[in-house]
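**Student:** below: sequence and its predicted model.
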Amino acid sequence: MDIMPILSTLRRHKTAAALIVLEIALSCAIICNAVFLINQRVSRMDRPSGLAENELVVLRYSGIGRDDNAQASAREDLAALRAIPGVEAVTRVNQIPFSNSSWNSGIQLSPDQQDSTANATVYLGDEGLLDTLGVGLEQGRYFNSDEYVDYEALQEPGAELAIPAIVITRDLADALFPDGDALGKSVYSWSEEPSRIVGIIEPLIRPNDEGGPAAHYMTMVLPIRFPFGNTVIRTSPERRTDVIEAAKAKMEAVNPRRVLTMDTTFDEIKANYYRADRSMVWLLVSVCVALLVVTALGIVGLASFWVQQRTKQIGVRRALGATRGQVLRYFQTENFLLATFGIVIGMMGAYGINQLLMSHYELARLPALYLPVGAVALWLLGQVAVYGPARRAASVPPAVATRSV
C-alpha cells in the first residue's frame, strides 16, 4: 500500500496524530521500565533459600532475668522439643534467612592479610543445624563432635578463640579459591588461628540483602553452639500448627521465666519479608494495565473520530473501486505508522528513564530485550484497538457515503 496518501492525511491532522504518538511513546517508555522492575522483583522473590521452607517452624523467646547457664538451658530446651511427636529435627541458630539482623565476617587467606578476600554471613549452630534447615552437603563432611565449642565459653575473659573447622557454600568457596578446590584449605576468620574448610554445602541464603546480589549465597557455618536466638523445628508440613502449639507448651513447662516473641512457620516469615516486593509488583502491574487500556481507548477514539470525519472520503474511494479489505488495511497501516513513531520516541524515553533510575536508585541497566518486546506489544495493541473502527469504515456502503456529494 502506498503510504504517501496516509502521511498527507496525517499532516492535515497534526494535533490528533501528535497526541496519539505521545501517548504511545509515554506508554512504551513507562511499560518497558515497569516490566523490567516487575521481573526483577519476581526474580528476587523466587530466590531459593536452600531451606526446607514448608517444613520449618520458628520460636523466639526473650528471657526474664539473667540465665547463669544459658548453654545448659539450651540443651534442656532442645532435648524437650525433640521428644514432641512429629518433630524430625531441632536446632538453635543465631540467625535465619529473611530476617532484619545479619552476622557477617571478613575472610582472609593468610594471617597478615590486610583486606578480606571475601565477606560472608555467619551461621552458628549445633550438631542438628543442617538436618533441621534441610541444607544438603555437597562435598566433604560436616563437623565432628570434638570440633564444637559453646558460645558462652568464647565470651569468658581470657578465652582463646580457636575454630578448627568451618563449612562454607559453593559460592563462597569459588570466591575464595577461584582456581582450585577449596576443600581442605585453611582460612582466617573470627580467630587468629587458621580454620580448615572441611565441607561445602548446597546454597544457603544470607538473612537479608546486605552485601548486594553477588553476596546472596556467600555463607559459612561455624561449629559454635549458640544458646540464644531462634529455635528452629523441622516437621512435616501438615503437622506444623500442632507442633507449634506443643512446642510452646513444652517450652513453658521447661522455663516459664521467659516471653514468647515469635511463633510462626518459615513460609510466613518469608511472605512477610517479601510483602513490599509483592505490593510493588501489583502496583506496577496495575500501572501497566492502566496505561495499555488508556492507550487502546485513545486509539479507538481517534480512529472512530477519523472514520466519522472521513465518511465522504471513504465513500469516494469505495465508489472508485476500493474494496473493504483495502479500506481496512488503510486504517491499520495508518495506525502502524503512528505506533512506530511513538515507539521510537518511547524507546529513547525508556532508556532515559532507566538512566535516571540507575543514577538515583542503583537500578541495573535496562536489558535491550525489553525494548523490542515492548514495541511488539504496542504494535499488536494498536492493531487490535484500531480494528473495530477500521472495520466499521470498511463496511460503509458507497451509496450512503456519497449521498451528500
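**Tutor:** Received the coordinates, thanks.

**Student:** so what pLDDT did S404 get?
**Tutor:** Looking at S404, its pLDDT is 49.

**Student:** and S145, by the same measure?
**Tutor:** Taking S145 on its own, its pLDDT is 89.

**Student:** ok, now L363?
**Tutor:** 76.

**Student:** tell me the buried residues in the host helix or strand of A339?
**Tutor:** If you go by DSSP states H and E, A339 is part of helix 324-361. Neighbour-count burial for helix 324-361, counted by 16 or more other C-beta atoms under 10 Å, picks out 327-328, 330-343, 345-347, 349-351, 353-354, 357. Where you see a C-beta, it was placed from the backbone N, CA and C, and this is true even at glycine.

**Student:** which strands or helices does that helix pack on?
**Tutor:** On a contact count with 3 or more C-beta pairs under 8 Å, 6 or more residues apart in numbering; DSSP states H and E, helix 324-361 meets helix 4-11, helix 14-45, helix 275-309, helix 311-319, helix 370-394.

**Student:** for Y217, which of those is the nearest?
**Tutor:** helix 14-45 (13.8 Å; C-beta to C-beta).

**Student:** next, the angle helix 370-394 makes with the closest one.
**Tutor:** Interaxial angle of helix 14-45 relative to helix 370-394 (axes from the mean of the first three to the mean of the last three C-alpha atoms, to 10 degrees): 140 degrees.

**Student:** quick one: buried residues of helix 14-45?
**Tutor:** Within helix 14-45, the residues scored as buried using 16+ other C-beta under 10 Å are 16-17, 20-21, 23-38, 40-41.

**Student:** that's a strand at A368, yeah?
**Tutor:** No. The assignment for A368 is coil, going by DSSP: H, G, I helix; E, B strand; the rest coil, so no strand is present there.

**Student:** for L26, see how far away it is.
**Tutor:** Separation of A368 from L26 (C-beta to C-beta, to the nearest Å): 20 Å.

**Student:** now do the contacts for S49.
**Tutor:** S49 makes contact with P97, F98, L204, I205, K270, according to C-beta atoms under 8 Å, 6 or more residues apart in numbering.

**Student:** would you turn these into JSON lines with secondary structure, distance to D131 and pLDDT?
**Tutor:** JSON lines is the format used below for these (DSSP: H, G, I helix; E, B strand; the rest coil; distance: C-beta to C-beta, whole Å; pLDDT from 0 to 100):
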{"residue": "P97", "secondary structure": "coil", "distance to D131": "17", "pLDDT": "91"}
{"residue": "F98", "secondary structure": "coil", "distance to D131": "20", "pLDDT": "92"}
{"residue": "L204", "secondary structure": "coil", "distance to D131": "13", "pLDDT": "93"}
{"residue": "I205", "secondary structure": "coil", "distance to D131": "18", "pLDDT": "92"}
{"residue": "K270", "secondary structure": "helix", "distance to D131": "20", "pLDDT": "94"}
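
**Student:** max pairwise distance over those: which two?
**Tutor:** Pairwise distances across these peak at 14.2 Å for L204 and K270 (criterion: C-beta to C-beta).

**Student:** between these two, which has more neighbouring residues?
**Tutor:** Comparing L204 with K270 by other C-beta atoms under 10 Å, the one with more neighbours is L204, at 29 against 17.

**Student:** if anything else comes up later, I'll come back, but that's it for now.
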